[in-house]
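**Student:** here are the coordinates; sequence isn't available:
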DNA sequence: TTTATATTTGCAACTCAGTTGCGTTAACAG
DNA sequence: CTGTTAACGCAACTGAGTTGCAAATATAAA
C-alpha cells in the first residue's frame, strides 16, 4: 500500500484510481490547485462533479484546506499532517499574486495576535497578502 | 445640492435618482451591503445590471470598497473620505460573522506590519476575522 | 471467492451571481 | 434648447458550483 493509499484509507476514503491521482497531484504540487488546474493535469475524462465531490470530502477529512482565490474560485492546498476532520487549523498567511493569479501558502508568516473587541467573539483569522510572486517579479 | 449629489458630481458621476438613492443607502447603512440587500432596500424596480454597474463605478471612483463575503458574493462598504480613484487604501480589518453571514469593517483593528519575504513584493494586505458578531453572540 | 452494502462516479439538468450587447432614456454641458 | 455622453433596462448569455439518480466499484462480511 502506498503512502497516498494509506492516507485515503486512514481518512475512511476509498482508494479509487481518481482519488489516488488527485491526492498525488496535491502531494507533487508546489502551489495551490483550482478545479481548472486539476482538469488540466489529470485529464478531462473525469466529470467536474467528481472533482468537486472529491475535493469536498478531502477537505472534510483534513487532507486539504481551501485557500483564498483572486477570482473567487475554489482553490485548495495540502494540509500539514496535524490536520484532521475535527481540527483543521492553519497558522500561516496566504499570498495572492496580482499577475499570475496564483495563491501560495506563506508558512513563514504567522497570523497576528488579535486583541478581542468587546461584544465580538473571534474564532478564526485569515491574512491575505497581495503583490508579485517570485515568478512574476 | 445635497451632500450625496455633490459627491456624485465630484466623482464625475451623474445625479440619477437611482444613484442618489444607492449612495444614501450606503451612507445610512451600519454594515456592508450586497446586491440582494440593495434590492431589498431600494425596491425591485431597478434591474440588477443597473445595480452592478453603479457599484463598479462607485468603486472605481473611490466612494465604496469591496469587502470579503462568506458566500463569495459581491459586498461593499462606504470608503473613508480619503479615498479616490487612484488611491484606494484601507488600513482596517474585516469581520465576517459565522451566523448572520454579515461582514463588518473593524476600523479599530489595524493591519499587521508584514516583513517582506525575499523574492516577493508585497503590496496589499487583507485581514479577515471570523466569529460571532454582537447581534449573534 | 462470492455476496452484500455503502461509497464513488458520471450524466443531465439545474441554480445563481455576474456579464455583455444593444437600443432607449435622461443628465448636463455648450 | 440641443447634441453628446452617461446611465438604464431588457434579453440573452457565461461559468462555477450543485442536485438527483442510476450505474459502477471498493471494501467488508459470509
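**Tutor:** Cool, got the structure. These numbers were taken from a predicted model, which means no experiment stands behind them.

**Student:** Low-confidence bits of chain A, can you list those?
**Tutor:** Applying pLDDT under 70 to chain A picks out residues A:1.

**Student:** The same query, at a cut-off of 80, please.
**Tutor:** Low-confidence segments of chain A, defined by pLDDT under 80: A:1-7, A:81-83.

**Student:** What parts of it come near chain B?
**Tutor:** A:72, A:93, A:95, A:98, A:106, A:108-109, A:112, A:114-115, A:117, A:119-134, A:137 (CB under 8 Å from any CB of the partner chain). To be clear about C-beta, it is placed using only N, CA and C from the backbone, and glycine gets the same treatment.

**Student:** Report the buried members of those.
**Tutor:** Among those, those buried by neighbour count (16 or more other CB atoms under 10 Å in any protein chain shown) are A:93, A:95, A:106, A:109, A:112, A:114, A:117, A:120, A:122, A:125-133.

**Student:** for the longest helix along chain A, packing partners?
**Tutor:** Counting by DSSP state H, the longest helix found in chain A is helix A:48-61. Using 3 or more CB pairs under 8 Å, 6 or more residues apart in numbering or on different chains; DSSP states H and E, the elements in contact with helix A:48-61 are helix A:17-27, helix A:35-42, strand A:64-66, strand A:75-78.

**Student:** For the residue of chain A most remote from its centre, pull up the helix or strand it's in.
**Tutor:** Ranked by distance from the centre of chain A (CA atoms, centre = their mean), the top residue is residue A:118, with 32.6 Å. Assigned by DSSP states H and E, residue A:118 falls within no helix or strand.

**Student:** what's it sitting at in phi/psi?
**Tutor:** Dihedral pair for residue A:118: phi -60, psi 130, per degrees, to the nearest 10.

**Student:** before we move on, what about residue A:111?
**Tutor:** phi -70, psi 140.

**Student:** again with residue A:95
**Tutor:** phi -120, psi 130.

**Student:** Show me what it bridges to in the sheet.
**Tutor:** Residue A:95 forms beta bridges with residue A:104, residue A:129, as assigned by DSSP bridges.

**Student:** separation between it and DNA strand D?
**Tutor:** Going from residue A:95 to DNA strand D by CB to the nearest atom of the strand, to the nearest Å gives 19 Å.

**Student:** Tell me who's in contact with that residue.
**Tutor:** Shown in contact with residue A:95 (CB atoms under 8 Å, 6 or more residues apart in numbering or on different chains): A:103, A:104, A:105, A:106, A:128, A:129, A:130, A:131, A:133, B:120.
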